[in-house]
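Novice: everything below, folded, please.
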Amino acid sequence: MQTQRKRAGSRTRGRLLYFGLPLLVAFACVGANAAAVWTVPLLSLDNLGPLALAYHEKEPSLLLAPVLGLLLVAGRNLVATVRAPLVVFVGASAANLASLLIWAEGVPDYIVFRDLDLIANVADLLIVSSALVVVLAMSVDVTQRRRSRRTRKGASRAPA
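Specialist: Residues are numbered from 1 along each chain as shown. This is a model prediction of the structure:
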């Protein structure tokens with residue numbers, strides 16, 4: 001009886017952690033956006049420095065929120081190497097959705113990549129990098145599963 005309670009308690013903590021981490025990522029990204037909105041205009045000289053403040057306007061699509069939730073729920077069945085960047089992806093995407101609702105001008109972007117003619121925020125960088133890690137981790141997992149199937153098939157065909 002005690003062991004079942006311990007297992008149930010650890011599962012509950014695991015669920016809280018899994019679903020709470022995207023909220024922490026979202027709060028951190030929104031906090032970075034708020035800090036940038038407050039400080040970047042003071043730090044950048046005529047918006048020529050490595051930091052400049054711009055907003056990309058978009059209508060808030062609240063239909064994306066349930067999609068992010070479904071992605072998070074479906075991700076619980078994936079391997080751990082995919083779940084971790086998926087949590088970051090969902091949290092950063094939620095931060096951009098929240099930023100659309102917080103700032104009337106749009107999502108604040110403040111990190112300038114002059115060579116690429118691109119401006120982004122912390123959430124954008126996390127979305128791109130975590131999406132790449134998710135794709136790479138899934139491809140590695142698929143490759144490993146194929147190899148293990150081949151070895152199992154080869155071992156079962158070997159003469160005894």
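Novice: where does pLDDT dip in this structure?
Specialist: The model of the chain has pLDDT under 70 over residues 1-14, 44-49, 60, 154-160.
Novice: mind listing the helices for this structure?
Specialist: Ranges of helices within the chain are 2-43, 64-75, 80-102, 122-157, based on DSSP state H.
Novice: A28: what's it in contact with?
Specialist: Counting by Cβ atoms under 8 Å, 6 or more residues apart in numbering, A28 makes contact with 91, 95, 122. For every residue, glycine as well, the C-beta is placed using N, CA and C.
Novice: out of the helices of the chain, which is the most enclosed?
Specialist: helix 80-102 (a mean of 21; mean count of other Cβ atoms under 10 Å).
Novice: which helices and strands sit right next to it?
Specialist: helix 2-43, helix 64-75, strand 107-113, helix 122-157 (3 or more Cβ pairs under 8 Å, 6 or more residues apart in numbering; DSSP states H and E).
Novice: coming back round to it: ok, which of the helices of the chain comes nearest D109?
Specialist: Minimum separation from D109 across those (Cβ to Cβ) falls at helix 122-157, 7.1 Å.
Novice: packing partners of that closest one?
Specialist: Short answer (3+ Cβ pairs under 8 Å, 6+ apart): helix 122-157 packs on helix 2-43, helix 80-102, strand 107-113.
Novice: so for this structure, the centremost residue is which one?
Specialist: F89 (1.3 Å; Cα atoms, centre = their mean).
Novice: for that one, give me its contacts.
Specialist: F89 neighbours (Cβ under 8 Å, 6+ apart): 71, 126-127, 130-131, 134.
Novice: which of those sits closest to T39?
Specialist: So of the contacts of F89, ranked by how close each gets to T39 (Cβ to Cβ), first place is L126, at 19.8 Å.
Novice: now that closest one. Nearest residue, chain neighbours left out?
Specialist: A92 (3.9 Å; Cβ to Cβ, 6 or more residues apart in numbering).
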